[in-house]
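Peer 1: Need a 3D model of the following:
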Amino acid sequence: MKTTSAFVLFLVSFLMHGQSNNDITNDSFKNILLMHKEFVSIPNLPENKSLMLQNINWVKKEYNDLGFNTTSLESSTLPILIAEKKYDPTYETVLFYFHIDGQPINPESWNQKNPFDPVLKEKNENGVWNQIDWKNLNNEINDEWRIFARAAADDKAPIIMLLSALKILKDKGVKPNINIKVIFDPEEEYGSKALLSTLEKYKERYASDYFIVMDGPAHNSNKPTVTFGCRGITTCSITTYGSKLPQHSGHYGNYVPNPVFSLANLLSSMKDEQGKVLIEDYYKGIEISPEIYKLLESVPFNSKKLNKNLGIYASEKVGNNYQESLQYPSLNVRQIGTSWKGKGLKTVIPEYATANLDIRLVPETDGKVQLQKVKKHIQQQGYYVIDRDPTDEERRSHPKIVKFIASRSLNAFRTNPDSDFGKKIRAQLMEKFGEEPVVIRLMGGTVPIVPVINKLKVPTVIIPMVNMDNNQHSPNENIRIGNIRQGINICLTILNSKH
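Peer 2: Below you'll find the predicted structure:
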């Protein structure tokens, strides 16, 4: 495997030239958009194996036509498609990652008849998206048009971007300056079970010098974005108890303790009014040096605009800005419920109250360790902590009881942005474009393929290329036409990079 310094030069090279549009004519871009339309028209929910195989076979045929070797690797569920081409034994190998599947849909929430039937739309002067005829592609193509459909952005657009770049090079008789491997995950939106089940058996098939994950949205400025890592996640549930059965609030109000209040008090002991976690050593090991802070501050950010869009008066004070807040583990209450599950309201004192928590992890924190800190904090509040419902004897013996259920963890990853890579890339891009690219040290979300990254042990970056406002995972998902164009050029430059 090659050195990290080579990786620096490699990425500097591709991003420096990622803005040229000279390789894409209007006619060729029209065909690319129609190819995207064809691909997106195939529903891609893993629950329908037949349709997922159609998606896989569509990609397989396209790569076979480009002279790639394609293999369907057996997994615990759907097959993993890998496409490979070695252009020169002296070249370095880049492994690209995409996922083929999409999020579930609720057709009634979409502003079109069929979420898997892509529609082309243009925004009018009132900010309303109106459908326009696909024949408009025969004229000058407007980068501000958008294609609306499930998976139009996440993650079929990036698949089309790299595929189109490879086709453009082939048509010109130009071969890439890297050897290529591409893996297509059929279940990323459902935890990547298929891919993770193949790690031990096919580790050598996935071996490469560098790993590029092409998923997720670029910065909302739509400038070229390089993300060095992502947060991990772990979850747990906390249950407090009242009486053995729900009790009538008239007969037993002021007598039977209500578990909702004890749960509320317990949760409020975990964070202060500024949003900082009060659990002992929760932020241990995290240091924001002046160099790191400068990097975080360089990301374009308008707090007033963001807060207005979010509908909040002010943000929490864990970090001095949005990017800094992502460098610390979070503690979130994602759902609270009681023993009453039916419709409507009942005048009862609940038997129990449960809070479901999630913790977003950073590279300095391990999921299991963070959960133990939470558990220890609960014990320090005077609770008897168990991992099951209490017995009658335990109810009589302990004034405060919590059932604590911990989940499995998915830890974070980060490629060091303080290496020569970060410094060189910013300097080169400043010289080329007159402004720095958007460099994200750690994105807030979690990708389920972190175990793949940790297993392969190669320099890894995320190159997000779709528009931030793509309604990812939501109704009316869309891809901005200009992002497809720019993404193709980024892919072209990756493929043309010399190392």
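Peer 1: in the protein, which ranges drop under the pLDDT threshold?
Peer 2: Along the chain, segments meeting pLDDT under 70 span 1-23, 418-435, 497-499.
Peer 1: domains of it?
Peer 2: 4-229+412-496, 232-286+328-406 (automatic domain parsing).
Peer 1: Which among those domains is found nearest to Ala314?
Peer 2: Proximity to Ala314, assessed across these by Cβ to Cβ, is greatest for domain 232-286+328-406 (9.5 Å). No exception for glycine: its C-beta is placed from N, CA and C like everyone else's.
Peer 1: so of the domains of the chain, which one's packed in deepest?
Peer 2: Most buried of the domains of the chain, by mean neighbour count (mean count of other Cβ atoms under 10 Å): domain 4-229+412-496, with a mean of 19.
Peer 1: end-to-end on stretch 324-336?
Peer 2: End-to-end distance of stretch 324-336: 28 Å, with Cα to Cα, to the nearest Å as the criterion.
Peer 1: So what's the gap between that stretch and the chain middle?
Peer 2: Taking Cα atoms, centre = their mean, to the nearest Å, one finds the center of stretch 324-336 at 15 Å from the center of the full chain.
Peer 1: same check, this time on stretch 388-404
Peer 2: For stretch 388-404, the distance to the chain centre is 39 Å (Cα atoms, centre = their mean).
Peer 1: Put the alpha carbons of that stretch into PDB.
Peer 2: Extracted C-alpha coordinates of stretch 388-404, given in PDB (Å, rounded to 0.1, in the frame of the first residue of the first chain):
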ATOM      1  CA  ARG A 388     -34.600  -6.400  33.300                       C
ATOM      2  CA  ASP A 389     -37.900  -5.600  35.000                       C
ATOM      3  CA  PRO A 390     -37.600  -5.600  38.800                       C
ATOM      4  CA  THR A 391     -39.000  -8.400  41.000                       C
ATOM      5  CA  ASP A 392     -41.500  -7.700  43.800                       C
ATOM      6  CA  GLU A 393     -38.700  -8.000  46.300                       C
ATOM      7  CA  GLU A 394     -36.600  -5.500  44.500                       C
ATOM      8  CA  ARG A 395     -39.500  -3.100  44.300                       C
ATOM      9  CA  ARG A 396     -39.900  -3.300  48.100                       C
ATOM     10  CA  SER A 397     -36.100  -3.000  48.800                       C
ATOM     11  CA  HIS A 398     -35.100  -0.100  46.500                       C
ATOM     12  CA  PRO A 399     -36.700   3.300  46.500                       C
ATOM     13  CA  LYS A 400     -35.300   4.200  43.000                       C
ATOM     14  CA  ILE A 401     -35.000   1.600  40.200                       C
ATOM     15  CA  VAL A 402     -33.900   1.900  36.600                       C
ATOM     16  CA  LYS A 403     -33.800  -0.700  33.900                       C
ATOM     17  CA  PHE A 404     -30.900   0.200  31.600                       C
END
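Peer 1: quick revisit: would you turn the domains of the chain into CSV with distance to Val299?
Peer 2: CSV is the format used below for these (distance: least, Cβ to Cβ, whole Å):
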stretch, distance to Val299
domain 4-229+412-496, 6
domain 232-286+328-406, 16
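Peer 1: Which one, of the ones you listed, ends up nearest to Lys305?
Peer 2: Going by Cβ to Cβ, the one of those nearest Lys305 is domain 4-229+412-496, 9.9 Å.
Peer 1: circling back: closest to Lys294 out of the domains of the chain?
Peer 2: It's domain 4-229+412-496; of the domains of the chain, that one is closest to Lys294 (Cβ to Cβ) at 10.3 Å.
Peer 1: looking at this, Lys308 is in a strand?
Peer 2: No - under DSSP: H, G, I helix; E, B strand; the rest coil, Lys308 sits outside any strand and is assigned helix.
Peer 1: tell me which element Val374 is part of?
Peer 2: Assigned by DSSP states H and E, Val374 belongs to helix 367-380.
Peer 1: What pairs with the helix or strand just after that helix, parallel or antiparallel?
Peer 2: The first helix or strand that comes after helix 367-380 along the chain, using DSSP H and E, is strand 384-386. Here strand 384-386 is paired, per DSSP bridges, with strand 401-406 (parallel).
Peer 1: Can you identify the element that follows the strand it pairs with toward the C-terminus?
Peer 2: strand 413-414.
Peer 1: where does Glu122 fall, phi/psi-wise?
Peer 2: As for Glu122, its main-chain torsions (degrees, to the nearest 10) stand at phi -130, psi 140.
Peer 1: Next, work out how far apart it and Gln131 are.
Peer 2: Per Cβ to Cβ, to the nearest Å, Glu122 is found 8 Å from Gln131.
Peer 1: Which of the domains of the chain sits closest to Tyr293?
Peer 2: Across the domains of the chain, the minimum distance to Tyr293, taken as Cβ to Cβ, is reached by domain 4-229+412-496, at 10.3 Å.
Peer 1: check contacts around the residue lying closest to Lys368 once chain neighbours are set aside.
Peer 2: Among residues not flanking Lys368 along the chain, Ser409 sits closest, at 5.9 Å (Cβ to Cβ, 6 or more residues apart in numbering). Going by Cβ atoms under 8 Å, 6 or more residues apart in numbering, Ser409 touches 232-234, 361, 366-368, 371.
Peer 1: which one among those residues gets closest to Gly253?
Peer 2: For the contacts of Ser409, the residue nearest Gly253 by Cβ to Cβ is Leu371; the value is 35.1 Å.
Peer 1: tell me the contacts of the closest one?
Peer 2: Going by Cβ under 8 Å, 6+ apart, Leu371 touches 234, 236, 359, 406, 409.
Peer 1: I am finished for the moment; much appreciated.
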